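generate a structure from the sequence data that follows.
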Amino acid sequence: MVEEHSIRSKQRRVVDVKLTPLKAIRLHCLECMGWSWKEVELCTGKLCPLYPFRFGKNPSRAGIGNGKRGQLSAGFVNENRPEAVNEG
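Just a heads-up that it's a prediction; the model follows:
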């Protein structure tokens, strides 16, 4: 679900952007913390309902999917990769 919305940018301009709900939360947290990623990381507002989502990830979906990007699917071994083990 992507919504078009007008937001205030770091330069205090109004810009139209397409936002997913997680991106909207991420931008809210950045604005709240003075546009500093370090401050978002150090946020102490644990009572804020958006706190668990501040990095743009849904913590309840951790581990869902096929793993990290670039990782091989289960059962597939690429013989050209150094970590491939020959069990033959």
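
in what helix or strand does K18 lie?
strand 14-19 (DSSP states H and E).

tell me the mean pLDDT over that strand?
For strand 14-19, mean pLDDT rounds to 88.

begin at 22, not 1, for the rest of this chat.
New numbering, starting at 22: the last item is strand 35-40.

residue ranges with poor pLDDT in the protein?
Along the chain, the parts satisfying pLDDT under 70 run over 86-109.

what is the orientation angle of the lengthiest helix in it with strand 35-40?
When the chain is parsed with DSSP state H, its longest helix is helix 42-53. For helix 42-53 against strand 35-40, the angle between stretch directions is 140 degrees (axes from the mean of the first three to the mean of the last three Cα atoms, to 10 degrees).

pull the CA atoms of helix 42-53 into CSV?
Provided in CSV are the C-alpha atoms of helix 42-53 (Å, rounded to 0.1, in the frame of the first residue of the first chain):
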residue,chain,number,x,y,z
PRO,A,42,3.2,3.1,6.2
LEU,A,43,6.7,2.1,7.3
LYS,A,44,8.4,4.9,5.3
ALA,A,45,5.9,7.4,6.8
ILE,A,46,6.9,6.2,10.3
ARG,A,47,10.6,6.4,9.5
LEU,A,48,10.2,10.0,8.2
HIS,A,49,8.1,11.0,11.3
CYS,A,50,10.9,9.7,13.6
LEU,A,51,13.6,11.5,11.6
GLU,A,52,11.6,14.8,11.8
CYS,A,53,11.0,14.2,15.5
